[in-house]
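# Sequence and predicted structure below; questions after.
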Amino acid sequence: MKAAAEEIERPSALEGIDGGGSVSVCHCPDRHGDHASFYDVEAVRADFPILGQTMHGYPLAYLDSAASAQKPFQVIEAEHAFYARDYANIHRGFYVLSQRATECYDQARRKVQAFLNARHEHEIVFTRGATDAINLVAASFGEAFLNEGDEVLLTGLEHHSNIVPWQILREKKGIVLKMAPVNDAGEVPLDEFIRLLGPRTRLAAFAHVSNVLGTVLPIAEMIRAAHEAGAKVLIDAAQSVAHTKIDVQALDCDFLVFSGHKLYGPTGIGVLYGKEELLDAMPPYQGGGDMIASVSLERTTYAPLPAKFEAGTPPIAQAVGLGAAIDYVTALGLDRIGAHEAGLLAYATERLSAIKSLTIVGTAGKKASVLSFVMDGVHPHDIAQMLDSRGVAVRAGHHCAQPLMARLGLPATVRATFGLYNTTAEVDALAEALEEVEVMFLQ
């Protein structure tokens, strides 16, 4: 038996990568349909142990990556190796294990910095997830710099995580919330967003990609317009960071958040990027160990960034896992991942559009790999249960976006989402199962 700290020896989709991070690319059609793979999808799938299962006698088709992506061996092994070989609490230990653990944690932060192209390492704050990061900004920036009558501009596509924290702040401070409307295609018209910017707009907070419809918002133009109006900008990148390259300096956003578990990394960790001058000016979000410079009964002085916002023992192993996930998607290539997923979305849109009783919800001109739909006379929950009986895992419900569902006039949708490991064979399994639903319920 191998020692616990040793990595498992097995083939990987990333073997053979050169020093420049390139990977062999296949432009040949895969075995199902005309979708061209931009890397060896089967080799990638071999990196994800959970995908080899069967469900109810059918191969598992996991089409719920927008809720949480599966984890490759590389991430699982990174956390395992850290716990088996390097684990200790960080920053205050003078012994070797603590110093090694501290370096692992700090290295993960540097990987995030490079991944987002942040100007400074200390502009990266580790949180519990995107939700926690938005709450941090609302509680800290909002409490310090927003006053009664100041406006926060959202969009009608937002996840509850980017609505509720601002409603809580409204109850505390009397701020005004505005919401840019959504058109019938599921887009936020830029002119409508700009029209709602005003002299009292202090912050615009909006998603890069809708978790329900896959709509890709024109965030560069929205950021520029908000800044011209004198507002700061927060980008919720939870649904985009695993699919496309994000450069926070090029975007010039003031804050950006994402969750590790949607980026093929662990649960329990997320990231807040914030411009140095803003984070410096913001008060601590929580008090406790490691975020202080000194404490007496009379007063406390706070540690410099990013420690000021990381009270208590942080998610050390999860940060290591997140770093491994960033290594994985970077080596595979976000451009290739995005192209692969765009092909899957196009193929799935064509297949599902041929089902007469099915209506695709959200027809934006620019979409990420999210496909929401309804079927005449069949509740989304029943559809999802039927799909599960064929091994197809999808999400059904309001997707934590009830204001959007109200705008669409729907109580719920079924949502299939595609990740770097999905195939057209799985799209075929989805379509065939939906055809069976149609026969069972409607004929």
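In hand now; what should we look at? Numbering: from 1, shown residues only.
# Pull the distance from stretch 68-75 to the chain's centre.
14 Å (C-alpha atoms, centre = their mean, to the nearest Å).
# tell me the SS of Phe82?
In three-state terms, and counting by DSSP: H, G, I helix; E, B strand; the rest coil, Phe82 is helix.
# helix or strand for the closest residue to it other than its chain neighbours, which one?
Sequence neighbours aside, Val320 is the residue nearest to Phe82 in space, at 4.6 Å (criterion: C-beta to C-beta, 6 or more residues apart in numbering). Backbone N, C-alpha and C define where each C-beta goes, glycine included. Element membership for Val320, per DSSP states H and E: helix 316-332.
# what sits against the residue nearest to Leu420 when sequence neighbours are not counted?
Once flanking residues are discounted, Leu420 sits nearest to Ile337: 4.7 Å by C-beta to C-beta, 6+ apart. Taking C-beta atoms under 8 Å, 6 or more residues apart in numbering, we find Ile337 in contact with 38, 242-243, 329, 420.
# Which member of these is positioned nearest Ile219?
His243 (13.6 Å; C-beta to C-beta).
# Now do that closest one against Leu345, distance only.
Going from His243 to Leu345 by C-beta to C-beta, to the nearest Å gives 10 Å.
# before we move on, the earlier item: so what's the gap between the host helix or strand of the residue nearest to Leu420 and the chain middle?
Here Ile337 sits within helix 334-353, counting by DSSP H and E. On the basis of C-alpha atoms, centre = their mean, helix 334-353 is displaced by 18 Å from the centre of the chain it belongs to.
# Also stretch 198-209?
On C-alpha atoms, centre = their mean, the centre of stretch 198-209 falls 19 Å from the chain's centre.
# tell me how far the ends of it are from each other?
End-to-end distance of stretch 198-209 (C-alpha to C-alpha, to the nearest Å): 24 Å.
# Go through that stretch and flag the buried ones.
If you call a residue buried by 16 or more other C-beta atoms under 10 Å, then stretch 198-209 has these buried ones: 200-209.
# Turn the residues you listed into a markdown table, including secondary structure and pLDDT.
Formatted as a markdown table, those follow (DSSP: H, G, I helix; E, B strand; the rest coil; pLDDT from 0 to 100):
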| residue | secondary structure | pLDDT |
| --- | --- | --- |
| Arg200 | coil | 97 |
| Thr201 | strand | 98 |
| Arg202 | strand | 98 |
| Leu203 | strand | 98 |
| Ala204 | strand | 98 |
| Ala205 | strand | 98 |
| Phe206 | strand | 98 |
| Ala207 | strand | 98 |
| His208 | coil | 98 |
| Val209 | strand | 98 |
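# With distance to Ala396 added, can I get these in TSV?
What follows is these, written out as TSV (distance: C-beta to C-beta, whole Å):
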residue	distance to Ala396
Arg200	39
Thr201	36
Arg202	37
Leu203	33
Ala204	31
Ala205	27
Phe206	25
Ala207	21
His208	24
Val209	20
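# Out of those, flag the one nearest to Ala114.
His208 (19.2 Å).
# For that closest one, which non-adjacent residue is closest in space?
Ser240 (3.9 Å).
# isn't the one you found right next to Val209, touching?
Yes - under the criterion of C-beta atoms under 8 Å, Ser240 makes contact with Val209 at 4.3 Å.
# okay, and the common contacts of those two?
In contact with both Ser240 and Val209: 216, 368, using C-beta under 8 Å, 6+ apart.
# thinking again about what came up before, return every residue with contacts to both of His243 and Leu345.
368-369.
# Report how many residues lie close to Ala139.
Ala139: 19 surrounding residues under other C-beta atoms under 10 Å.
# From Ala293, how far out is it?
Taken as C-beta to C-beta, the span from Ala139 to Ala293 is 21 Å.
# swap in Ala88?
From Ala88 to Ala293 the distance is 23 Å (C-beta to C-beta).
# quick one, which of the two is more surrounded?
Remark: of Ala88 and Ala293, Ala88 carries more neighbours, 16 against 11, as counted by other C-beta under 10 Å.
# quick one: contacts for that one?
95, 97-98, 100-101.
# Which of the residues you listed sits closest to Leu116?
Nearest member of those to Leu116, counting by C-beta to C-beta, is Ala101, at 23.5 Å.
# Surely that closest one is in contact with Asp86?
Yes - the pair Ala101 / Asp86 is scored as a contact, 5.4 Å apart, by C-beta under 8 Å.
# just the buried members of the contacts of Ala88?
Buried, going by 16+ other C-beta under 10 Å: 98, 100-101, out of the contacts of Ala88.
# Next up, the contacts around Ser294.
300-301.
# next one: phi and psi at it?
phi -160, psi 150 (degrees, to the nearest 10).
# pLDDT value on Tyr83, please?
pLDDT, Tyr83: 98.
# show me what contacts the spatially closest residue to it that is not a sequence neighbour?
The spatial neighbour of Tyr83 that comes closest, neighbours along the chain excluded (C-beta to C-beta, 6+ apart), is Ala317 at 6.0 Å. The contact partners of Ala317, by C-beta under 8 Å, 6+ apart, come to 79, 82-83, 87, 266.
# how about these in JSON lines, adding neighbour count and distance to Leu434?
Formatted as JSON lines, the contacts of Ala317 follow (neighbours: other C-beta atoms under 10 Å; distance: C-beta to C-beta, whole Å):
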{"residue": "Glu79", "neighbour count": "21", "distance to Leu434": "37"}
{"residue": "Phe82", "neighbour count": "23", "distance to Leu434": "42"}
{"residue": "Tyr83", "neighbour count": "14", "distance to Leu434": "42"}
{"residue": "Tyr87", "neighbour count": "18", "distance to Leu434": "46"}
{"residue": "Pro266", "neighbour count": "23", "distance to Leu434": "33"}
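# Export the residues you listed to JSON lines and append columns for distance to Arg407.
Formatted as JSON lines, the contacts of Ala317 follow (distance: C-beta to C-beta, whole Å):
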{"residue": "Glu79", "distance to Arg407": "40"}
{"residue": "Phe82", "distance to Arg407": "45"}
{"residue": "Tyr83", "distance to Arg407": "46"}
{"residue": "Tyr87", "distance to Arg407": "47"}
{"residue": "Pro266", "distance to Arg407": "34"}
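# which pair in the residues you listed spans the largest distance?
Tyr87 and Pro266 (14.4 Å).
# In contact with the closest residue to Lys275 other than its chain neighbours, which residues?
Distance criterion C-beta to C-beta, 6+ apart; nearest residue to Lys275, sequence neighbours excluded, is Asp254 at 5.4 Å. Asp254 makes contacts with 232-234, 274-275, 278, as judged by C-beta under 8 Å, 6+ apart.
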